[in-house]
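Colleague: Sequence isn't available, so here's the structure alone:
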């Protein structure tokens, strides 16, 4: 999670402080700092002081404030289930993934008190670039091991209720057209886009499936301090923790690899990406043929994921007035162009490159 802004005082923090007093028996006063967040309606507050012994044994604590209209919470409420964040957290912990410990919960009030595991991978690398290869190798291995440990998923898991099916794949690709093309009045042939869209949907929907975090990237992986694990059965030398996993679903096994290695916020050369795909393949014990198939899966999913991301960045600016993601539109579309070069020769994708270049020119 990003560094906190200045301490804030508002009705929400007063409500949180009153809740902290009840659940921790600490008297405070509590110093709450709003953490700069992403596109989620959740708000995160780092508790800097006031807990005393209530936070003993943790590196720090964070309060999650979750509005009832938050999509995953509404999804669970409609089905009479608990919060997906809590369910997926327990599932990941059982698979040996280091996740934040839950220190207190009041779902009826939209509040959780969780362990603060440390800086994000993106923040850490801004200062310690020399650690990049080791940490990304760890991330690829952790993903492969977690997917293997969670195969098969429990029959009643919330992850099984949400799948990357053809409907969702289609909708996310349309999100690109609606916002990166139509909303910016980019001149592009709709028929060519539809041909490529339908091909990608059919191909990706048929790929091997596994547990999918859905946003497994440098802002949702935390670099852990040295010390014993408390959030699950992760080994004491675990290097990375996972957050923002509440939207996990059953999806293409390579989807999280694309989120990780085609990260809009972290550029990589192709040799680095191929090495991390090798790491993942080793963790999943893939054959030589399986590793070859993984490369094509990765490129197909790259097209779908990064087109969606480009549309999402424009959507956030147009609908929410937040232009902070716009600088990432052009580099995101450059990733799409590179993947298209590796997929040259598939007639269904012909013409998509010109559409992407037009969208990139408008960025």
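Modeller: Yep, it's here. Computed from a prediction, not measured in an experiment: that's the story for all the values here. Numbering: from 1, shown residues only.

Colleague: can we go C-alpha only for contacts and neighbour counts from here?
Modeller: OK.

Colleague: burial count for residue 11?
Modeller: Applying other CA atoms under 10 Å, we find 9 residues neighbouring residue 11.

Colleague: Quick check: the gap between the closest residue to residue 261 other than its chain neighbours and residue 266.
Modeller: Take residue 261 and drop its neighbours on the chain: the residue closest to it by CA to CA, 6 or more residues apart in numbering is residue 273, 6.2 Å away. Distance of residue 273 to residue 266, computed by CA to CA, to the nearest Å: 12 Å.

Colleague: Neighbour count: these two, which is higher?
Modeller: Neighbours were counted for residue 273 and for residue 266 using other CA under 10 Å; residue 273 has more, 18 against 13.

Colleague: Give me the secondary structure label for the more buried one.
Modeller: When classified by DSSP: H, G, I helix; E, B strand; the rest coil, residue 273 comes out as helix.

Colleague: right, and the helix or strand after the longest helix seen in the chain?
Modeller: Longest helix in the chain, counting residues (DSSP state H): helix 288-320. Downstream of helix 288-320, the next assigned helix or strand under DSSP states H and E is helix 329-342.

Colleague: which parts of that following helix are buried?
Modeller: If you call a residue buried by 16 or more other CA atoms under 10 Å, then helix 329-342 has these buried ones: 329-337, 339-340.

Colleague: In terms of secondary structure, what does that helix contact?
Modeller: Applying 3 or more CA pairs under 8 Å, 6 or more residues apart in numbering; DSSP states H and E, one finds that helix 329-342 contacts helix 288-320, helix 352-362.

Colleague: buried ones in the longest one?
Modeller: Applying a neighbour-count criterion of 16+ other CA under 10 Å, the buried positions in helix 288-320 are 291, 294, 297-316.

Colleague: what's the angle between the longest helix of the chain and helix 352-362?
Modeller: Angle of helix 288-320 versus helix 352-362, following axes from the mean of the first three to the mean of the last three CA atoms, to 10 degrees, is 40 degrees.

Colleague: Could I get the average pLDDT for helix 288-320?
Modeller: On average, the pLDDT along helix 288-320 is 97.

Colleague: cool, stretch 333-344 as well?
Modeller: For stretch 333-344, mean pLDDT rounds to 96.

Colleague: same for the longest helix of the chain, what does it pack against?
Modeller: helix 166-176, helix 190-205, helix 255-261, helix 270-283, helix 329-342.

Colleague: Need the contact partners of stretch 147-162.
Modeller: With contact meaning CA atoms under 8 Å, 6 or more residues apart in numbering, stretch 147-162 is reached by 84, 87-88, 95, 210-211, 248-250, 284.

Colleague: Columns distance to residue 105 on top of the buried residues of helix 329-342, output as TSV?
Modeller: Formatted as TSV, these follow (distance: CA to CA, whole Å):
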residue	distance to residue 105
329	37
330	41
331	39
332	37
333	40
334	42
335	40
336	41
337	45
339	43
340	46
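
Colleague: distance between the longest strand along the chain and the chain's centre?
Modeller: Under DSSP state E, the strand in the chain containing the largest number of residues is strand 43-49. Relative to the centre of its chain, strand 43-49 is centred 21 Å away, using CA atoms, centre = their mean, to the nearest Å.

Colleague: So what are the sheet partners of that strand and their directions?
Modeller: Note on strand 43-49: by DSSP bridges, its sheet partners are strand 31-35 (antiparallel), strand 61-65 (antiparallel).

Colleague: where does the stretch 151-300 of the chain dip in pLDDT?
Modeller: 226-238 (pLDDT under 70).

Colleague: shouldn't residue 42 be in contact with residue 66?
Modeller: Yes. Contact criterion CA atoms under 8 Å: residue 42 and residue 66 qualify, at 4.9 Å.

Colleague: These two: which is more packed in?
Modeller: residue 66 (18 against 15).

Colleague: can you give me the strands for the stretch 1-150 of the chain?
Modeller: For the stretch 1-150 of the chain, the strands defined by DSSP state E, counting those that start in this stretch cover 4-7, 31-35, 43-49, 61-65, 102-106, 111-115.

Colleague: Save those strands as a markdown table, and put in mean neighbour count and mean pLDDT too.
Modeller: As requested, the strands of the stretch 1-150 of the chain are exported to a markdown table (neighbours: other CA atoms under 10 Å; pLDDT from 0 to 100):
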| stretch | mean neighbour count | mean pLDDT |
| --- | --- | --- |
| strand 4-7 | 14 | 44 |
| strand 31-35 | 20 | 88 |
| strand 43-49 | 20 | 87 |
| strand 61-65 | 23 | 94 |
| strand 102-106 | 15 | 95 |
| strand 111-115 | 22 | 95 |
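
Colleague: Not counting stretch 171-183 itself, show me its contacts.
Modeller: Residues outside stretch 171-183 that contact it (CA under 8 Å, 6+ apart) are 186-188, 197, 304, 307-312, 314-315, 359.

Colleague: From those residues, pick the one nearest residue 71.
Modeller: Residue 71 lies nearest to residue 312 out of the contacts of stretch 171-183, by CA to CA, at 16.0 Å.
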